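Colleague: Generate a structure from the sequence data that follows.
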Amino acid sequence: MDLSKKNLCPRLVDYVVFAGNRTPNASQNITRPQLLRRYPVADHKDFALPFEIAYFCQPEGNFTFKPKTSSDVRRTSSFTFTLTEKDTSKVRHGICYNFFRPARRSSTLVARNRKVSIDGFDSRFTLTSICLITHHPFLSTFRECLNVLHTVIDSCDFRAAKASGYRGQVWELLAGQIRAENVDAAVMREVREVETWIVRFLCAPVPVPGKTRLELDLLPLQTSHHIRFGFPDRTRFPLVDFPLHLPFELLGVDTGLRVLTCILLENKVLLRSKDVNAVSMCVMAYVAMLYPLEYMFPVIPLLPACMPSAEQLLLAPTPYIIGIPESFLSLKGELNVPDDVWLVDLDASRVYPPANGDELPPLPEAEGATLRSHIEQALHVMSHPDQDSGLNLQDEVVKNIHFGTQNADPSHSFPDVSPSAYGPDIAAVDVATRVAIVQFLNSPNVIGNLTEHIRTLRLYPRPVIAFQVYSFLKSRPLRSQFIDRFAKTQAVEFFAEWSLSPTNVAFLRAHTGISDPRVIGDKLKWFADQLQPIFFQVYDSNSTIGEAIAQSLNAEDQLHYTGQLSTDAADSDGDSPEADYQPAAMYDMDYARADFCYEIDVERLTYQMVCTDLEADFLRPPDGLQVPGSLISQSSSTQSIGDLNSDDDGSSHCSSPDDSRTNPSGPSDTGSDVRSI
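Modeller: Model (predicted):
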């Protein structure tokens, strides 16, 4: 990810969308998901919302089902996906929160005074999604934001029911099932609260790498805390906001390394699982493991099974890494995997080699054994958090080889790294694993001393180099089949060019023996105190959302429609209903009866907000990076002053959208030390 000011999108969030079925019917099975509502209504100039977004929100299609127990209704799930722009290769991230809402309303149920009861055996629930689209990979933090938004809507709907007579009108209005003129004023007030929150959320600025962190205040509650966002600078590992070790945990170390070898040698790799969250995370984890190399071919963490012609992507002539749901092949008419693809089954922990493919060479023996040992230690640390980890990279480091042009001193000794720097902290163990992979790649029998075999043909405007691959191979102490193939990959060739002027230098620091996560770690907790805070309040100052949430928490069984449903073992044990993505087959849905009606995909509906005046009054997404004036570079000093206010303590507050409306002249007379660049 390029975090330069030139390429960093100033918006924290690009779009918030709702997906599902506008006309859920009890007789339906698996159907094509639809875009129900989007915020903002208009596309951004630099990024138009893809029409196919609904397929990614519900990759196995939309379905309506009849719950048997309360856990069926309360079960929620979240997962991530990416959208890659074909022309520019820019990557946007999608974070999706899926849940079930009642699908009981039809065109004949419009009477305001009729109270609809929720009966577990007569009512049906429909799959609904809230999705957030962003340029920035704060995946776990955005999941928390979506969870808050779902709670806000549920609570407002619960409060509206006291005045309107029945539940679900807020959701139905947002889903486009009913019209605004057919609901009570109390329901419209609650919808206004929800849409105000969403619009203000879309106005949040992005933190600037190495300069600021964003403190986002989501709810007006006494127990509320700021959700923090911050990028690592170029001296730290690139941000990986998901478990890097997940592929090894699911596949085992040996099988996981075999898949990594497939990817390093640029084979076609297809991962599948019932859990689409796991498959998308594994794809992203494998790509992140390649650092400091970059994967030069298509990466699709999640390819929706319900998207028309999606199977054609598997026939691409180039290498790729693609994740699919387990139902993908059956929904595509028992499609066979192409005979040049490595199929990885995450559920069975197995790898199926292609029918027509070369034998996969093993990793260099010594370096591969060292890497395998480290990963096994890392998994042991996370599975036995009470035991001393003993995880110390000092014993496994490969000395004397440098990624750069200078040779390291053979007598150089790396400082010891205290095991307490890692301990049971999963994020820290992931950093240690990334350091181990960097050291593996930098070892003498892999790509150590790579830059000694480069001829620079041109430096400006873009470096052009000639990689002398045969002299490089002859310089390996123990030449192997692996390095013979690896040295000829596009990833190695691009790294040779990129290393002349790297945009991230954490791999150089890792080579010199720096492996403390507090120094090179990518998580905000390790460097938050080095960044200047910028505060942004999402809720309106006059909002009553806090009161609605407080009321709903006192009637949780009614809030989740579980009052008349039986409980199961999971509920009685007190387990959380939130889980990984659950396939439609779990709810007795028959994939053979799926009807996606692709012929109506040409529809382009006109979307608008329920409260149309809010967009003009509140929606002002940032159009430039907002940096405190004391931190801004001299080259940017001529840029316009942003709409921010600076506190005496050095922290900064982004003005709320309605503040600029009441004070159109800009910042207050107290002075602003925050600028837009």
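
Colleague: Just the CA atoms of the longest strand seen in the chain, as CSV, please.
Modeller: Longest among the strand segments of the chain by residue count, using DSSP state E, is strand 91-102. In CSV, the C-alpha atoms belonging to strand 91-102 read as follows (Å, rounded to 0.1, in the frame of the first residue of the first chain):
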residue,chain,number,x,y,z
VAL,A,91,-7.0,-1.6,-3.9
ARG,A,92,-10.1,-0.8,-1.9
HIS,A,93,-11.2,-2.8,1.1
GLY,A,94,-14.7,-4.0,1.9
ILE,A,95,-15.7,-4.8,5.5
CYS,A,96,-19.1,-6.5,5.7
TYR,A,97,-21.3,-7.2,8.7
ASN,A,98,-24.1,-9.7,8.0
PHE,A,99,-27.1,-10.4,10.2
PHE,A,100,-30.8,-11.4,10.0
ARG,A,101,-33.8,-9.2,10.2
PRO,A,102,-37.5,-10.1,10.0
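
Colleague: What are the buried residues along it?
Modeller: Using 16 or more other Cβ atoms under 10 Å as the test for burial, strand 91-102 gives 92-102. In short, each C-beta sits where N, CA and C put it, glycine included.

Colleague: Spit out the contact partners of the spatially closest residue to residue 229 that is not a sequence neighbour.
Modeller: Nearest non-adjacent residue to residue 229, counting by Cβ to Cβ, 6 or more residues apart in numbering: residue 214, 4.2 Å away. By Cβ atoms under 8 Å, 6 or more residues apart in numbering, the contact list for residue 214 reads 12, 204-207, 228-230, 533-534, 536.

Colleague: cutoff 6 Å now
Modeller: 207, 229, 534 (Cβ atoms under 6 Å, 6 or more residues apart in numbering).

Colleague: ok, back up a step: closest one to residue 517 out of the buried residues of strand 91-102, please.
Modeller: residue 93 (23.3 Å; Cβ to Cβ).

Colleague: I'd say that closest one and residue 134 touch.
Modeller: Yes. The pair residue 93 and residue 134 qualifies as a contact (Cβ atoms under 6 Å) at a distance of 5.5 Å.

Colleague: Can you name the residues in contact with the longest strand of the chain?
Modeller: With Cβ under 6 Å, 6+ apart as the test, strand 91-102 has contacts from 56-57, 73, 76-84, 125, 128-135, 137, 139, 142-143, 146, 150, 168, 171.

Colleague: so what's the nearest residue to residue 496 once chain neighbours are set aside scoring on pLDDT?
Modeller: Nearest non-adjacent residue to residue 496, counting by Cβ to Cβ, 6+ apart: residue 467, 4.6 Å away. Per-residue pLDDT puts residue 467 at 88.

Colleague: Tell me the spacing between residue 436 and residue 510.
Modeller: From residue 436 over to residue 510 the distance is 9 Å, taken as Cβ to Cβ, to the nearest Å.

Colleague: The stretch 401-550 of the chain: helices as residue ranges?
Modeller: Applying DSSP state H, counting those that start in this stretch to the stretch 401-550 of the chain gives helices spanning 426-441, 469-474, 481-486, 490-498, 506-511, 517-520, 545-553.
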